[in-house]
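Participant: mind folding the following:
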Amino acid sequence: MNFELQHTDCKSNARAGLITTDHGTIQTPIFMPVGTVGSVKAVQLYELKNDIEAQIILGNTYHLYLRPGIDILEKAGGLHKFNGFDRPMLTDSGGFQVFSLTGIRKLTEEGVEFRSHIDGSKHMFTPERVMDIERSIGADIVMAFDECAPGTSDYEYARKSTALTHRWLDRCIERFNNTDPKYGYKQSLFPIVQGCVYRDLRIQSAEYIAAKGADGNAIGGLAVGEPVEKMYEMIELVNGILPKDKPRYLMGVGTPVNILEAISLGVDMFDCVMPTRNGRNGMLFTKDGIMNMKNKKWEDDFSPIETDGASRVDLLYTKAYLHHLFHARELLAMQIASVHNLAFYLWLVGEARKHILADDFAIWKPRMIEKLSTRL
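Facilitator: Coordinates of the predicted model:
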């Protein structure tokens, strides 16, 4: 993988760059639709590539390991062949999912023993096992196995958790370096900065991760319960330490406003389930603000979903029709909303990139944030 930093905005730390992988080039800043089990919920492959114009999507190690299983993915020739998406992919290590299984997992120095949320069967994830699974899935970018401490963790828990994440990282790197890709193209391993909301722990973790010289680096453990101001503080702190010539990935964040603020702090890559999850529940993000399509005000509004929208569904369907579909509980409602929201997120980071290259991002951002925060 190669990263080219093309430009930094003259009045902020917002960056525009290019990530080149064996499956294609990614323009940053970029939003990555979440395809947890190998599919982006309610979105067809054609829509993902042509309407949304996704440059890279995610898969999740925990979920893909449990279903369909590694044997099936290897027989298919990896996740790219299995789901038909021939552009770059990234896999989360499954750490966040495993640690969300409160009460049905056991954490040790070796790894995590957990029970499947599907059938209750017992499994063990170690750093080495996770690297093997991610080799089998075959994503272009794979994440190190880490512990994601809750945003409300006390200092001592966060300190021990961060140290464990660093020890696991060393084991991930050793296993990754001693194994080969399985499908004829290269893979890159990204470490993850942890440290909860504690400045000294974030500094220690960022310095530890930066010293590894990885192809890119991630910031984890944010948007997990801490105040949004604290999240921005930690992002700015960490990005002041992580190398400037490598992409920076903020995991699991967030709202359109969160994304623009994080771009201004030097983040290059984002993912979040919000556009699809909120879309399935009737919330649409638009250039003029947020719409709840279940509200009665849209019942007889026969104008397009968005006249200058980012995807073709915005002109194909009216607000009144989408309102009707949600109240009728038609599956098409969730599909339309998911395509719209993902296309909007990709439009938003694309616009941010244009303004970074034009050196007026710092002027454009506050105007855009004001619009994005409006409830229509």
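
Participant: these two touch, right, residue 230 and residue 198?
Facilitator: No: the pair residue 230 and residue 198 fails to qualify as a contact (Cβ atoms under 8 Å) at a distance of 10.0 Å. C-beta coordinates here come from the backbone N, C-alpha and C atoms, glycine included.

Participant: okay, the two: which has more neighbours?
Facilitator: Using other Cβ atoms under 10 Å, the more surrounded residue of residue 230 and residue 198 is residue 198, with 18 against 13.

Participant: over to the more buried one: give its phi and psi.
Facilitator: Backbone torsions for residue 198, taken as degrees, to the nearest 10, come to phi -100, psi 120.

Participant: isn't it right up against residue 157?
Facilitator: No: counting by Cβ under 8 Å, residue 157 is not a contact partner of residue 198; they are 10.5 Å apart.

Participant: ok, now which ones touch residue 45?
Facilitator: Residue 45 makes contacts with 83-85, as judged by Cβ atoms under 8 Å, 6 or more residues apart in numbering.

Participant: can you select the buried ones among these for me in PyMOL?
Facilitator: The PyMOL command for the buried members of the contacts of residue 45 (criterion: 16 or more other Cβ atoms under 10 Å) is given here:
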select buried, resi 83+85
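
Participant: and which of the contacts of residue 45 is nearest to residue 19?
Facilitator: residue 85 (16.4 Å; Cβ to Cβ).

Participant: now do the contacts for the closest one.
Facilitator: By Cβ under 8 Å, 6+ apart, the residues touching residue 85 are 35, 45, 48-49, 57, 79.

Participant: again, 7 Å this time
Facilitator: Residue 85 makes contact with 45, 48, 57 under the criterion Cβ atoms under 7 Å, 6 or more residues apart in numbering.

Participant: now do residue 123
Facilitator: If you count contacts by Cβ under 7 Å, 6+ apart, then residue 123 has 114, 116 around it.

Participant: part of a strand, is it?
Facilitator: Yes: assessed with DSSP: H, G, I helix; E, B strand; the rest coil, residue 123 lies in a strand.

Participant: tell me, how many residues neighbour residue 149?
Facilitator: By the criterion of other Cβ under 10 Å, residue 149 has 26 neighbours.

Participant: what distance do you get for it to residue 221?
Facilitator: Residue 149 sits 6 Å away from residue 221, going by Cβ to Cβ, to the nearest Å.

Participant: residues shared between the contacts of these two?
Facilitator: Common contacts of residue 149 and residue 221, defined by Cβ under 7 Å, 6+ apart, comprise 194, 196.

Participant: before we move on, back to that, quick one: which of the contacts of residue 85 sit in helices?
Facilitator: Per DSSP state H, helices hold the following members of those: residue 45.

Participant: how about the contacts of residue 85 in JSON lines, adding pLDDT?
Facilitator: Listed next are these as JSON lines, based on pLDDT from 0 to 100:
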{"residue": "45", "pLDDT": "97"}
{"residue": "48", "pLDDT": "97"}
{"residue": "57", "pLDDT": "98"}
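
Participant: of all the contacts of residue 85, which comes closest to residue 327?
Facilitator: Nearest to residue 327 among those is residue 48, at 26.9 Å by Cβ to Cβ.

Participant: could you find the closest non-adjacent residue to that closest one?
Facilitator: In this structure, residue 48 finds its nearest non-sequential neighbour in residue 54, 5.1 Å apart by Cβ to Cβ, 6 or more residues apart in numbering.

Participant: just the helices in the stretch 251-376 of the chain please.
Facilitator: With DSSP state H, counting those that start in this stretch as the criterion, the stretch 251-376 of the chain has helices at 256-264, 274-280, 313-316, 319-327, 331-357, 361-372.

Participant: select, out of the ones you listed, the one closest to residue 21.
Facilitator: helix 331-357 (17.8 Å).

Participant: please name every helix or strand in contact with the closest one.
Facilitator: Applying 3 or more Cβ pairs under 7 Å, 6 or more residues apart in numbering; DSSP states H and E, we find helix 331-357 packed against strand 15-21, strand 30-32, helix 256-264, helix 274-280, strand 283-286, helix 313-316, helix 319-327, helix 361-372.

Participant: return the set of buried residues in that helix.
Facilitator: By neighbour count with 16+ other Cβ under 10 Å, helix 331-357 contains the buried residues 333-353, 355-356.

Participant: for stretch 118-133, same thing?
Facilitator: Neighbour counts over stretch 118-133 (16+ other Cβ under 10 Å) mark 125-133 as buried.
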